[in-house]
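Trainee: Build me a model from this:
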Amino acid sequence: MKLKKTNSHRDIRASVIMTAVFYFLSGTAAFAASNSIPDYFSLSPEQLLGANVMSASRRVEKVAEVPAAVYVITQEDIQRSGMTSIPELLRMVPGVDVARQNSNTWAISIRGFNNPTANKILVMVDGRTVYNPLFAGTFWEVQDMPLADIERIEVIRGPGGALWGANAVNGVINIITKNAADTQGTHIVGGGGNYEKVFGTARYGGKIGNDSWYRVYAKGNERGSFHSSGLSGGDDNRANDSWQSYHAGFRMDWNGHGGPDTVSIHGDAYHVDADDIDESFSFTAPFTSFIPESIQSIGENIVGVWTHKYESGANLRLQSYLEYTSRNEILFQDHRTIFDNEVQYTFQPMGRHEWIAGATYRLTSDNIGGSDEITFDPDSLTQNLFGVFAQDKITLAPDHWYLTLGGKLEHNDYTGFEIQPDARLEWLPDPSQTVWASVSRAVRTPSRIERDLDIDNLVVGPGVLFPGFPTEVELAHNKDFDSEDLIAYELGYRKQISPAVSVDGSVFANDYRRLGNDTLLTPFFVPAGADPAHFVLPIEYTNGMSGEIYGAELAASWKVNPRWKLTAGYSHLEMFLHSPTVFGFSQETDEDRSPQNQFSLRSYWDINDRWTLDTMAYWVDQLPADNVPAYLRVDVNLGWKFNKHLRFNLVGQNLFAPPHREFGPATSANVSEVPTSIFGKFTWDF
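Mentor: Below is the predicted model of the structure:
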């Protein structure tokens, strides 16, 4: 069992956000929109497999031709789901574990190791990384852009380090937004309900001259508290986990009068206030007290992209972004600036070879204010990360056999050079099916938490660890903490059975080495003095754990008739971790914090030209480590189109079930029960 600062898995929070100028629409509505109400049934399974994806190989490919476990959430999927946040959308992807710990916190992972601070997936927005370098994970509550502006969400299950670098260990999630030319006009959505109190976005898109487009948006959400799991609930059994989120941003696109150059500039600013419970410790009973707090996250970023297409067919792409983020809570305050540059060159085809090469550089500068309980050594740090990558897709037999070889060489200030190679073999027996196999190496480099964090004053009562006296647990930083290492093997199959039916499956075996774990140092006794007599138990974070994970994932789609479509997904996971115990507590509980089985079934039905009924059912297996029972979640989205400009949706989430936990122990101060949520939403396009 990993000993933590709190019981909530939120012991370390560092953020991606900053200071900005934005506004929230007043009144009982806030607004969000799309250009038009999508015709989901205009896309057959065959056309969906023909959709573009670029995150798997850094080049635009058809889904059916990608030698990787890839799933694309389309804008049509987003609109038909009725979801109001990106984390909830990810539930539909087989192999992705989405668990809501409370109203403002999600635990999201791919192929195991789930936790609110999960650190083995790379999350990007238009190629800009949004995970926090403090702990190499993502705070999902701040990733709250207008859903109508998203073109698609590409999810790559499996390593992506060969192209995207360190921390793309178990998968890559790339949120790709629309070109400004595709979001013209005025779009307004507003609504609210019992837990989605009030939400929405207002967006306007226009044109400048003959080849320049822009859009601006403002978005706001207020979400209520969930049901307390019993430890920290108030008189009304509500947890202290409500939150408010305000965002604004813009995008501009130029196509150079139809010439070879295109330019895109976009930026966002946001402010999130999330309620939470902090835990304070003392050497006298009751040893632990609970302090309500509101965590403030603010941020801003600006991104520029220039692309040049050569007559030869080659392509040059340059991207730069600047981001400032700040997160303020009782235990510490994290302020950081990130400056990132990337260049990618796609060569013209050379016989059987298709080459991509590029280089990346990132500068991160942070300043972390601590407390009596948490300190960082040093408290301010500037880090450099640079690397080069290359990939060659080799045609072995035209239209049938392809071999893709690639890798990234990257240098970080902690462990020096890291190399992440990748090899993928693809076989197309005929145009309707694809078989692929791969072997990859990926690493997760150390974060500030493993290398520089010290935690003091975590106290447990007499008899828990030592008889007669309380024990202070101290986590000491480890300047020798090394990168976690993965060798992954995958096999996949895709088949277009008919124009209406498709299946996609994959199996994998992951071999992990040098995983992080707690190592017990020599305990000692402190006589009474400034503090009462107590034991001290020093803990150091080391690379003493290894493990194997095996699994399978399956997705299927069936267009039953022109008005009815079904999709289904299933995933199975087996985890085997190996680690020393600390005071008889197993550190292998991550085996039981990711569901062994998950199943989803979604139905999309156009009742007639005005009414739609979309139903989603998700079954998730138990989590024995925290005694979370298996649960069935049912979401329903009933849509009514008044006319071509105005639509109303009535959405119910987690229907037909009592409030239940999805992640974390019932004894945790920051774990609550997910209730039934019902809300209405108006969409107006003009």
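
Trainee: Where does Val464 sit, in terms of helix or strand?
Mentor: If you go by DSSP states H and E, Val464 is not part of any helix or strand.

Trainee: Now do it: how many residues are near it, please.
Mentor: 13 (other CB atoms under 10 Å). C-beta here means a position set from N, CA and C on the backbone, and glycine is covered the same way.

Trainee: This protein: helices as residue ranges?
Mentor: Under the criterion DSSP state H, the chain contains helices at 45-49, 75-81, 86-89, 161-164, 448-452.

Trainee: which strands and helices sit next to the fourth one?
Mentor: Using 3 or more CB pairs under 8 Å, 6 or more residues apart in numbering; DSSP states H and E as the contact criterion, the secondary-structure elements in contact with helix 161-164 are strand 380-397, strand 401-412, strand 416-430, strand 433-444.

Trainee: Try it again at 7 Å.
Mentor: In terms of contacts (3 or more CB pairs under 7 Å, 6 or more residues apart in numbering; DSSP states H and E), helix 161-164 is packed against strand 401-412, strand 416-430, strand 433-444.

Trainee: quick one: it to chain centroid distance?
Mentor: Computed by CA atoms, centre = their mean, to the nearest Å, the chain-centroid distance of helix 161-164 equals 17 Å.

Trainee: can you list the residues that contact that helix?
Mentor: 58, 122, 168-169, 172, 389, 391, 406-408, 420-422, 440, 442-443 (CB atoms under 7 Å, 6 or more residues apart in numbering).

Trainee: Where does pLDDT dip in this protein?
Mentor: For the chain, the stretches flagged by pLDDT under 70 are 1-50, 230-236, 257, 582-587.

Trainee: now Gly544, nearest residue through space, not along the chain?
Mentor: Spatial nearest neighbour of Gly544, chain neighbours left out: Asn517 (4.7 Å); criterion: CB to CB, 6 or more residues apart in numbering.

Trainee: re earlier: would CSV of the helices of the chain with distance to Asp485 be doable?
Mentor: Shown next, in CSV, are those (distance: least, CB to CB, whole Å):
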stretch, distance to Asp485
helix 45-49, 34
helix 75-81, 35
helix 86-89, 28
helix 161-164, 11
helix 448-452, 14
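
Trainee: returning to that earlier point: out of the helices and strands packed on helix 161-164, which is the most enclosed?
Mentor: Of these, the one with the most neighbours on average (mean count of other CB atoms under 10 Å) is strand 433-444, at a mean of 21.

Trainee: Contacts for it, please.
Mentor: Under the criterion CB under 7 Å, 6+ apart, residues 64-65, 67, 119-120, 136, 159, 161-162, 166-169, 418, 420-428, 483-496 lie in contact with strand 433-444.

Trainee: and it with strand 401-412, angle?
Mentor: Relative orientation of strand 433-444 and strand 401-412, computed by axes from the mean of the first three to the mean of the last three CA atoms, to 10 degrees: 10 degrees.

Trainee: partners of strand 433-444 in the sheet?
Mentor: strand 416-430 (antiparallel), strand 484-498 (antiparallel) (DSSP bridges).

Trainee: Looking at those, which is nearest to Asp372?
Mentor: For Asp372, the closest of those is strand 484-498, at 30.7 Å, according to CB to CB.

Trainee: Let me see the residues that make contact with that closest one.
Mentor: Applying CB under 7 Å, 6+ apart, the contact partners of strand 484-498 are 46, 49, 64, 69, 158-159, 169, 432-444, 502-516.

Trainee: Ser85 versus the nearest residue to Ser242 once chain neighbours are set aside, what's the distance?
Mentor: Using CB to CB, 6+ apart and skipping the chain neighbours, the partner closest in space to Ser242 is Ser225 (4.4 Å). According to CB to CB, to the nearest Å, Ser225 and Ser85 sit 16 Å apart.

Trainee: Which one's more surrounded, those two?
Mentor: Neighbour totals were compared for Ser225 and Ser85, and Ser225 leads with 22 against 19 (other CB under 10 Å).

Trainee: starting at the chain centroid, how far to the lengthiest strand in the chain?
Mentor: Taking DSSP state E as the criterion, the chain has its longest strand at strand 534-561. Centre-to-centre, strand 534-561 and its host chain are 15 Å apart (CA atoms, centre = their mean).

Trainee: Start at 35, not 1
Mentor: Sounds good: first residue 35 from here, last item strand 568-595.

Trainee: Show me what counts as buried in that strand.
Mentor: Residues of strand 568-595 classed as buried by neighbour count (16 or more other CB atoms under 10 Å): 568-569, 571, 573-581, 583, 585-593.

Trainee: Give the bridge partners for Gly254, please.
Mentor: Gly234, Tyr280.

Trainee: so it touches Tyr280, yeah?
Mentor: Yes - the pair Gly254 / Tyr280 is scored as a contact, 4.9 Å apart, by CB atoms under 7 Å.

Trainee: out of the two, which sits in the more crowded spot?
Mentor: Gly254 (26 against 22).

Trainee: how far away is that one from Tyr304?
Mentor: The gap separating Gly254 from Tyr304 is 10 Å, by CB to CB.

Trainee: Please enumerate the shared neighbours of these two.
Mentor: Tyr280.

Trainee: ok, the residue positioned nearest the centre of the chain - contacts?
Mentor: Nearest to the mean C-alpha position of the chain, by CA atoms, centre = their mean, lies Val157 at 5.3 Å. Residues near Val157 by CB under 7 Å, 6+ apart: 164-165, 172, 207.

Trainee: For it, name its beta-bridge partners.
Mentor: Bridge pairing for Val157 - DSSP bridges - gives Ile207.
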